[in-house]
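# 3D model of this:
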Amino acid sequence: MNGRQAYDTRCRAFIFNLCRIKRERRQEMKTKILLLLTALSLGFVAKAELTGEEIKGKVTAVIDGNTIEITVSEKEKYIVLLHGIDSPDPGQKFAEEARLLVEKLLLNKNVTISIQGKDKTGNRLGDIRVEGVPDPKRELIRQGLAWTTDVDPNGELESLKEHARSQGLGLWSEENPMPPWMYRRQQSMMRAKSS
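Just a heads-up that it's a prediction; the model follows:
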């Protein structure tokens, strides 16, 4: 083998190895992309599975006008927020009235909750059903003890809210009631300033 043939052989070997490395890297990239897509789809499936999930248990605590604790078993408890509404927070007018109404309707009752997703902090959002008891979120809205959420509001709840507002019921008896999401923002800003 002369110098030129040796050089050609080395070049072919180099190109062959380069192509092999590129093929391996392409395959490696395909595998990584496939794993990433699988992980993302599992995340969507998990969220989809959560939405529509039903939880059955007993309401063991009413935290505020739209937050309850449900006990499913000795080791299984959940915090659930009523989906589609927001009641006054503790410290706001009508917060205690809202909490007492939810307590009257739900405390120590066996309930079925259809999960509708999670809030920003990971708490479940749900629609609550109890045999022989009015829908608590509709009752809160009807009596003027809650706002409808500003994201994707329910038409029926909106009309109940407008009726309560026109009648001056509950929080609508105030001239300019502050929604709880604004109250929470104001409270967190005040805490940040005092730190």
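# Might one say that Pro180 is in contact with Lys93?
No - if you go by CB atoms under 8 Å, Pro180 and Lys93 don't touch, sitting 11.2 Å apart. The C-beta positions use only the backbone N, C-alpha and C, and glycine is treated the same way.
# any weak-confidence spans in the protein?
For the chain, residues meeting the criterion pLDDT under 70 lie at 1-4, 6-8, 11, 14-51, 150-153, 194-195.
# cutoff 50 now
Along the chain, segments meeting pLDDT under 50 span 44-49.
# where exactly do the helices run in it?
Per DSSP state H, the chain carries helices over the ranges 3-50, 95-106, 136-142, 155-167, 180-194.
# returning to what we had before: compare Pro180 and Lys93 (neighbour count), which wins?
Pro180 (24 against 13; other CB atoms under 10 Å).
# can you tell me which residues contact the more buried one?
By CB atoms under 8 Å, 6 or more residues apart in numbering, Pro180 lies in contact with 86-89, 92, 147.
# Kindly report the same for Lys109.
For Lys109, the contact set (CB under 8 Å, 6+ apart) comprises 58-59, 130, 133.
# Report the buried members of those.
The neighbour-count test (16 or more other CB atoms under 10 Å) applied to the contacts of Lys109 identifies 59, 130 as buried.
# so can I have a markdown table of the contacts of Lys109 showing distance to Ser166?
Compiled in a markdown table, these are given as follows (distance: CB to CB, whole Å):
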| residue | distance to Ser166 |
| --- | --- |
| Lys58 | 37 |
| Val59 | 32 |
| Val130 | 29 |
| Val133 | 26 |
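# Tabulate the contacts of Pro180 (CSV), appending neighbour count and distance to Arg191.
Putting the contacts of Pro180 into CSV (neighbours: other CB atoms under 10 Å; distance: CB to CB, whole Å) gives the following:
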residue, neighbour count, distance to Arg191
Asp86, 22, 20
Ser87, 27, 21
Pro88, 26, 19
Asp89, 19, 14
Gln92, 21, 16
Trp147, 24, 23
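# for these, which one is nearest Ile115?
Sorting these by how near they are to Ile115, with CB to CB, puts Asp86 at the top with 17.7 Å.
# what sits against the closest one?
Residues in contact with Asp86 (CB under 8 Å, 6+ apart) are 66, 146-149, 179-181.
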